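In: pasting the sequence and the predicted model now:
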Amino acid sequence: MATSFLWGAGSAAYQVEGAWNRDGKGPSVLDTLMQRSAASVRNPAEWPSWDSGSSSYDHVERDLDGLSALAVSHYRFSLAWARLLPNGTAPVNLAGLRYYARLLSGLRQRGIEPVVTLYHWDLPQTLQDLYGGWENPVLVELFLDYAQLCFQHFGRHVRYWLTIDNPYLVAWHGYATGRLARGLRGGRRLGYKVAHNLLKAHAKVWHLYNDNFRPAQKGQVSIALSSHWIKPQNMTEKNIKSCQKSLDFVLGWFAKPIFTDGDYPQSMKSYLSLTLPEFTDAEKNLIRGTADFFALSFGATLSFTRVDPDMLFQQQQTLNLRQLLYWISREYNPSQIFIVENSWYVSGSTKTDDATYIEISYVFVVYSSAIRYDGVTVMGYTVWSLMDGFEWFRGYVRRGLFYVDFQSQDKKMIMKSSGLFYRKVIQDNESHQNRWKWCSETQASLC
């Protein structure tokens, strides 16, 4: 358990590492999808170069120096499954083990807490080819084997684990709509089947850690869940119920089984009837209670563009993080909420003088108020992302606290104005007792 508030930044392996086919790494479904997409455009030269990211694989010290300059207390990053297990299963790629060991060692030397995601969408392509990916229940056991490898090799240096990033996007847009990797338009039935397997995979990994690794490593495990916030078009009972249903269909789809009774929301079961898979009593017991904190992602990843319109039930999306935090605390009663991703996109032409700090300022006021006045327990906050990187089909948009010159050989990082602002906030609030210093001194009228 953290003794003070965690301030950090995050990244995902596919977006920043590069070196997609070097030193024994196998291809992932993201590599395949981007290759296919590049080949299908009329002018391939206009398609963003996806294969080098921010070159973090070759510039570990650069990234570590950037984290130190920010004065963050934690760094959230993901492990690339196909870098550690090129085919998704044994044999192990020793070069991959060495890379992540070097990163973890550097973080430890700088006093920075790692928050490690096991799976951030980059499924090894071999597992897709052989088994059909997450639609096949065999992936549950293969993911368990992969997690065991990670816990064995890295667990003594990691206190916070996230099993899966944004299972809503993996299931719905990876398998139902085809908007993200693996890019399969299998329809809603397949999306719900995939989610079913993701939940069981997460639960089994949690139990693996709890039974075999927690006594010695003393870490915590959760799953990163994204959500939008929604308000009624007008204050009628029907619209209010529709808002609840919308949250059930996106966040509650995964949060209710984990944080309450091991089963899907009743609104989903009633609305979807036979389309939604059912858990056995044993599976409900397996899934219930398998999170040590509530890991929340909020902002650009999901809001407005990625929530299926049918899941809005004709109500209105907003970016009200404070109300979402309050709702989560009352709906699921988690011991703590960890904001593991928060951000918004800015223009790809933006360099170091960005206005992202305005969004950061607003978010701090919002969650500070949620803690102070609403009684919500928030343990940490993570800006997304540490550096500019490859943002899926948006290409190289400018979302980081550090500007990266993608045209240069060494991919030099330069801190943006938002990074300078974030560092000031962290330094002003570095002790637990002074957590509200920034809020009270600079934004008192808003808190």
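Out: Perfect, I can see it now.

In: contacting residues for residue 341?
Out: Taking C-beta atoms under 8 Å, 6 or more residues apart in numbering, we find residue 341 in contact with 10, 76, 224, 226, 296, 297, 298, 299, 301, 382, 384. All C-beta atoms are positioned from the backbone trio N, CA, C, and that covers glycine.

In: pairing partners for the host helix or strand of it, with directions?
Out: Using DSSP states H and E, residue 341 sits in strand 337-343. Paired strands of strand 337-343, with direction, are strand 294-299 (parallel), strand 378-384 (parallel) (DSSP bridges).

In: could I get those as CSV with mean pLDDT?
Out: Output for those, formatted as CSV (pLDDT from 0 to 100):
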stretch, mean pLDDT
strand 294-299, 93
strand 378-384, 93
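
In: okay, these, which one's buried deepest?
Out: For the strands paired with strand 337-343, average neighbour numbers computed from mean count of other C-beta atoms under 10 Å are highest in strand 294-299, which has a mean of 26.

In: does residue 102 touch residue 58 like I think?
Out: No. Using C-beta atoms under 8 Å, residue 102 is not in contact with residue 58, being 11.6 Å away.

In: read off the pLDDT value for residue 390.
Out: Residue 390 carries a pLDDT score of 67 in this model.

In: please apply the same query to residue 215.
Out: For residue 215, the predicted pLDDT is 98.

In: ok, residue 445 next?
Out: For residue 445, pLDDT reads 33.

In: okay, now the closest residue to residue 198 other than its chain neighbours: neighbour count?
Out: Of all residues beyond its chain neighbours, the one nearest residue 198 is residue 167 (4.5 Å), with distances taken as C-beta to C-beta, 6 or more residues apart in numbering. Neighbour count for residue 167, taken as other C-beta atoms under 10 Å: 25.

In: also residue 271?
Out: There are 14 residues near residue 271, going by other C-beta under 10 Å.

In: is it true that it touches residue 242?
Out: No. Shown here, residue 271 and residue 242 do not form a contact pair, counting by C-beta under 8 Å, at 11.1 Å.

In: so which residues of the stretch 201-350 of the chain form strands?
Out: When assigned using DSSP state E, counting those that start in this stretch, the strands of the stretch 201-350 of the chain occupy the ranges 220-226, 229-231, 294-299, 316-318, 337-343.

In: of all these, which lies closest to residue 162?
Out: For residue 162, the closest of the strands of the stretch 201-350 of the chain is strand 220-226, at 4.8 Å, according to C-beta to C-beta.

In: just give the number of residues close to the nearest residue to residue 271 once chain neighbours are set aside.
Out: Leaving aside its chain neighbours, residue 271 sits nearest to residue 245 (7.3 Å; criterion: C-beta to C-beta, 6+ apart). Using other C-beta under 10 Å, residue 245 has 22 neighbouring residues.

In: mind listing what residue 245 touches?
Out: Residue 245 neighbours (C-beta under 8 Å, 6+ apart): 267, 271, 313.

In: with respect to residue 286, which of those is nearest?
Out: Nearest to residue 286 out of the contacts of residue 245 is residue 267 (C-beta to C-beta; 22.8 Å).

In: per-residue pLDDT, the closest one?
Out: On pLDDT, residue 267 comes in at 97.

In: now residue 309
Out: We have a pLDDT of 80 for residue 309.

In: now swap in the one 5 residues further on and tell me
Out: The predicted local distance difference test score for residue 314 is 79.

In: could you do residue 16 as well?
Out: Confidence at residue 16, expressed as pLDDT, is 92.

In: which one of the contacts of residue 245 sits closest to residue 328?
Out: Closest to residue 328 out of those is residue 267 (16.8 Å), distances taken as C-beta to C-beta.

In: which other residues reach stretch 169-182?
Out: Contacts for stretch 169-182 (C-beta under 8 Å, 6+ apart): 28-30, 32-33, 121-123, 128, 133-135, 164, 183-188, 190-195, 198, 226, 301-302, 306, 308, 392.

In: picking up where we left off before, which ones are touching the residue nearest to residue 198?
Out: Contacts here follow C-beta under 8 Å, 6+ apart; on that basis residue 167 touches 195, 198, 199, 202, 223, 225, 254.

In: closest to residue 109 among those?
Out: Comparing the contacts of residue 167 against residue 109 with C-beta to C-beta places residue 223 closest, at 29.1 Å.

In: OK, contacts around the closest one?
Out: Residue 223 touches 162, 163, 164, 167, 202, 254, 258, 291, 295, counting by C-beta under 8 Å, 6+ apart.

In: residue 120 is in contact with residue 81, correct?
Out: No. Counting by C-beta under 8 Å, residue 120 is not a contact partner of residue 81; they are 9.2 Å apart.
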